[in-house]
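# here are the coordinates; sequence isn't available:
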């Protein structure tokens, strides 16, 4: 995969169940309030460490508020050598209405 793919929440959930890494690029306070269970928060401070420790071949799903910012972040990860990157259409807002039981509160891991 040389570019990221846009996927709906249902496909993101299927990838997540298969062990995909889910990264959330929303602001820290919003992430702490509610996020996809098991997702990692990424921002300018944590991005370098995430990339250094990541399996570049692992499926990675990028999530933002509504599915717009995640596209830029997904393209950036592809540019950093990630081979299987997805941007979730509809963002967290659509996720939480589709999978309300698959959300959690708390700060980044």
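On my side now, so go ahead. These figures come from a predicted structure and were not determined experimentally.

# all strands for this structure, in order.
5-7, 21-24, 35-36, 40-41, 60-63, 85-88, 103-104 (DSSP state E).

# which residues touch the last one?
With contact meaning CB atoms under 8 Å, 6 or more residues apart in numbering, strand 103-104 is reached by 34-38, 95-96. Heads up, the C-betas are built off the backbone N, CA and C, glycines and all.

# Among the strands of the chain, show me which one is buried the most.
Most buried of the strands of the chain, by mean neighbour count (mean count of other CB atoms under 10 Å): strand 60-63, with a mean of 28.

# How far does that strand sit from its chain's centre?
A distance of 3 Å separates the centroid of the chain from that of strand 60-63, by CA atoms, centre = their mean, to the nearest Å.

# and what of stretch 46-61?
Here the centre of mass of C-alpha atoms in stretch 46-61, compared against the chain's by CA atoms, centre = their mean, lies 11 Å away.

# what's the span of it, first residue to last?
For stretch 46-61, the first and last residues are 16 Å from each other (CA to CA, to the nearest Å).

# Any idea how many residues pack against residue 74?
Applying the criterion other CB atoms under 10 Å, we find 26 residues in the vicinity of residue 74.

# on that earlier part again, farthest-apart pair in the contacts of strand 103-104, please.
Distances among those were taken as CB to CB; the most separated pair is 38 and 96, at 14.5 Å.

# buried residues in the top helix by length along the chain?
Scanning the chain for the longest helix, with DSSP state H as the assignment, gives helix 69-79. Applying a neighbour-count criterion of 16 or more other CB atoms under 10 Å, the buried positions in helix 69-79 are 69-71, 73-74, 76-78.
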